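S.K.: Give the three-dimensional model of this entry:
(2 chains)
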Amino acid sequence: MIEFQSVSKQYSPDAVALRDISLTVNKGELVFLAGPSGAGKSTLMKMIAAIERPSAGKVIVNGQDIGKLKPAGIPFLRRNLGLIFQQQRLLNDRSILSNVMLPLLVTGASRHQAEQRARAALDKVGLLDRAASMPLALSGGEQQRVSIARAIVNRPQIILADEPTANLDRDSANRVLDALKAFHSVGVTCLISSHDEQMLDRAARVIHLKQGQLEGGAP
Amino acid sequence: MSVWFRQHGFALGAALVHLRRAPGSFLFNILVVAIALALPFTGLTLLDNVRPMSESLSVDPEISIFLKQETDREQAQALATPLRQLVKDKQAKIIFTPREKALDDLKTKSGLSDVLTTLGDNPLPDSYVMKLDAFRNAQAGGDVDQLAEQIRTLPGVESVQVDSAWVKRLAALLNVLRLALLLLAATLGTVVVAVVFNTIRLQVMTQRDEIIVSKLIGATDNFIHRPFYYTGALLGLCAGALALGAVSLALRPLNVAIAEFARLYASEFQLAPLPPLAMAGLLAISAGLGLVGAVLSVQRHLSRLN
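M.R.: Just a heads-up that it's a prediction; the model follows:
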């Protein structure tokens, strides 16, 4: 499903984000990516979404080599991924329903179909009653759940969540994590980066990164 | 196919939503572009009105031959024979106009009947008009001038006038004006493209977050670019319509002034708006210029977000 083969990422001679990373995340797995800030967690996630390209090695996602992926193919790769960011990146000039509909509209779905599925996704994260609200009227935890709804509305095969619980209180963080685990339970592969020790305690598999390298060898 | 239409519908809707959010800015841009378009549109309207007038005038060479006042009628009519010999085998129509008929024509056409009646004696001479159908090629000008010189030497001839010269001058002037208009249109077309380019640049900047999010959730470049293309085309189209409307409105006061002027020449000449097909063509060109500005801007500014 996701495979890193001796992957390195170097922005400049002095800025090496990842060094010789090899790992595999199997289909349907829930994997946590742990490490301090600057360890390379975000870079690793960005490579899976083809936001960054490896300087060396191979990143294979759903059988596609990201390094060889043509620019025109990137949108179609991303439609199979659900991306969740620390900053939710919601569009503040439209309702949360419109935000959640957007991934469907870009694929050419009709408005009616997009709205139905967006409402269903909001229902799954417990925010259907706030469908008409604007993002800024929601708490940080609620906004993060909207971004989860947006990530899963396209029924992706993989969810990538980069520090989804950072800046959230414990209760909100747990609700976000519960929502992600619910999607994992129906077979979605989840890769979640976090430096929250309490959250890592609930994980079955944790990959530790430090200064761009895997801690304790290849998992 | 339905997905294609749906995506274009979405892009048009997105463009309209963004325009509705900043209507003042959009209207101001329309005004700027409309002013730039109005100048060549006005020129085109004027040329379109003058062109049929110049085309209706004969550019075939015509030579007017005025005889001396003292030439009697018999001598005057006898001049037809040497004139025919001069044009030889060439197609030419030679029309004799007696001085009485010339005076009658002048009274009828000029509206100065009362003034002419007070003159007493007829001041006009007998005359010939020679219409030369066969002198159409580039060498014709020289041939006509040579012929006019030969006619001048005939006995009884007072003066000879090559009448087509001013028509040629008018045609040449219209060609110069047409070229000037083309250059003006090219310059102002560039202005339109530049204004749209800048408008789209600002839109790309204000919608930066939306563009980035769209890319991350799997939007193709076409999906992201399309609303900007529609915005540019709409801007051009609206500005083109405004410019055409302004030109049409401006014709009314202009026609009042022209009517006064034309009356002095016993003419009813009036400027008419461009025909609907030409207007549709100009609207399409306006929208096309907007689209070109948008495409250039999107290619330049969105590539920086990749």
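
S.K.: from here on, contacts and neighbour counts on C-alpha atoms
M.R.: Fine.

S.K.: give me phi/psi at residue 192?
M.R.: Assuming you mean chain A. phi -120, psi 120 (degrees, to the nearest 10).

S.K.: who touches it in this structure?
M.R.: Going by C-alpha atoms under 8 Å, 6 or more residues apart in numbering or on different chains, A:Ile192 touches A:Leu30, A:Val31, A:Phe32, A:Leu33, A:Ile159, A:Leu160, A:Ala161, A:Asp162, A:Glu163, A:Pro164.

S.K.: do that again at 7 Å, thanks
M.R.: A:Ile192 makes contact with A:Val31, A:Phe32, A:Leu33, A:Leu160, A:Ala161, A:Asp162 under the criterion C-alpha atoms under 7 Å, 6 or more residues apart in numbering or on different chains.

S.K.: So what pairs up with it in the strands?
M.R.: A:Phe32, A:Ala161 (DSSP bridges).

S.K.: Let me know the distance separating it from A:Leu214.
M.R.: Counting by C-alpha to C-alpha, to the nearest Å, the separation of A:Ile192 from A:Leu214 is 16 Å.

S.K.: ok, now B:Ser303?
M.R.: 34 Å.

S.K.: For those two, indicate the residue with more neighbours.
M.R.: Neighbour totals were compared for B:Ser303 and A:Leu214, and A:Leu214 leads with 22 against 10 (other C-alpha atoms under 10 Å in any protein chain shown).

S.K.: Just the pLDDT for that one.
M.R.: On pLDDT, A:Leu214 comes in at 89.

S.K.: Any stretches of chain A with poor pLDDT?
M.R.: The model of chain A has pLDDT under 70 over residues A:216-219.

S.K.: Quick check: residues of it near chain B?
M.R.: A:Pro75, A:Phe76, A:Arg78, A:Arg79, A:Arg89, A:Leu91, A:Pro103, A:Val106, A:Gly108 (C-alpha under 7 Å from any C-alpha of the partner chain).

S.K.: hmm, which of the residues you listed are the buried ones?
M.R.: Buried members of the residues of chain A next to chain B, counted by 16 or more other C-alpha atoms under 10 Å in any protein chain shown: A:Pro75, A:Arg78, A:Arg79, A:Arg89, A:Leu91, A:Pro103, A:Val106, A:Gly108.

S.K.: Closest to A:Ala137 out of these?
M.R.: Closest approach between these and A:Ala137, by C-alpha to C-alpha: A:Leu91, at 12.4 Å.

S.K.: tell me which element the closest one is part of?
M.R.: Using DSSP states H and E, A:Leu91 sits in no helix or strand.

S.K.: how about it, phi and psi?
M.R.: According to degrees, to the nearest 10, A:Leu91 has phi -90, psi 110.

S.K.: quick one: it from A:Ala131, how far?
M.R.: 14 Å.

S.K.: and what of B:Gln203?
M.R.: B:Gln203 is 27 Å from A:Ala131, where distance means C-alpha to C-alpha.

S.K.: So between those two, which is more surrounded?
M.R.: Between B:Gln203 and A:Ala131, A:Ala131 has the larger neighbour count (other C-alpha under 10 Å), namely 19 against 16.

S.K.: For the more buried one, list the residues it contacts.
M.R.: Contacts of A:Ala131 by C-alpha under 7 Å, 6+ apart are A:Ser95, A:Ile96, A:Leu97.

S.K.: Quick check: the second one touching A:Ala132?
M.R.: Yes - here A:Ile96 lies in contact with A:Ala132, judged by C-alpha atoms under 7 Å, at a distance of 6.4 Å.

S.K.: Which one's more surrounded, those two?
M.R.: The neighbour count for A:Ile96 versus A:Ala132, taken as other C-alpha under 10 Å, is higher for A:Ile96 (31 against 12).

S.K.: quick check, nearest of the buried ones among the residues of chain A next to chain B to chain B?
M.R.: Nearest to chain B among those is A:Pro75, at 4.0 Å by C-alpha to the nearest C-alpha.

S.K.: what's stretch A:41-58 in contact with?
M.R.: A:4-10, A:17, A:33, A:61, A:65-67, A:74, A:78, A:160, A:162, A:193.

S.K.: Just the buried subset of these, written out for ChimeraX, thanks.
M.R.: Of the contacts of stretch A:41-58, the buried ones go into a single ChimeraX selection, burial set by 16+ other C-alpha under 10 Å:
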select /A:4,6,7,8,9,17,33,61,66,67,74,78,160,162,193
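
S.K.: re earlier: what is the nearest of the contacts of A:Ala131 to B:Thr117?
M.R.: Taking these together and measuring to B:Thr117 by C-alpha to C-alpha, the closest member is A:Ser95, at 87.7 Å.

S.K.: residue contacts, the closest residue to that closest one other than its chain neighbours?
M.R.: The shortest distance from A:Ser95 to any non-neighbouring residue, by C-alpha to C-alpha, 6 or more residues apart in numbering or on different chains, is to A:Met134 (4.4 Å). Taking C-alpha under 7 Å, 6+ apart, we find A:Met134 in contact with A:Asn92, A:Arg94, A:Ser95, A:Ile96.

S.K.: From one end of stretch A:184-199 to the other, what's the distance?
M.R.: Taking C-alpha to C-alpha as the measure, stretch A:184-199 stretches 15 Å from start to finish.

S.K.: Could you do stretch B:150-170 as well?
M.R.: Taking C-alpha to C-alpha, stretch B:150-170 runs 26 Å from one end to the other.

S.K.: now the residues of chain A next to chain B in a markdown table, with secondary structure?
M.R.: What follows is the residues of chain A next to chain B, written out as a markdown table (DSSP: H, G, I helix; E, B strand; the rest coil):
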| residue | secondary structure |
| --- | --- |
| A:Pro75 | helix |
| A:Phe76 | helix |
| A:Arg78 | helix |
| A:Arg79 | coil |
| A:Arg89 | coil |
| A:Leu91 | coil |
| A:Pro103 | helix |
| A:Val106 | coil |
| A:Gly108 | coil |
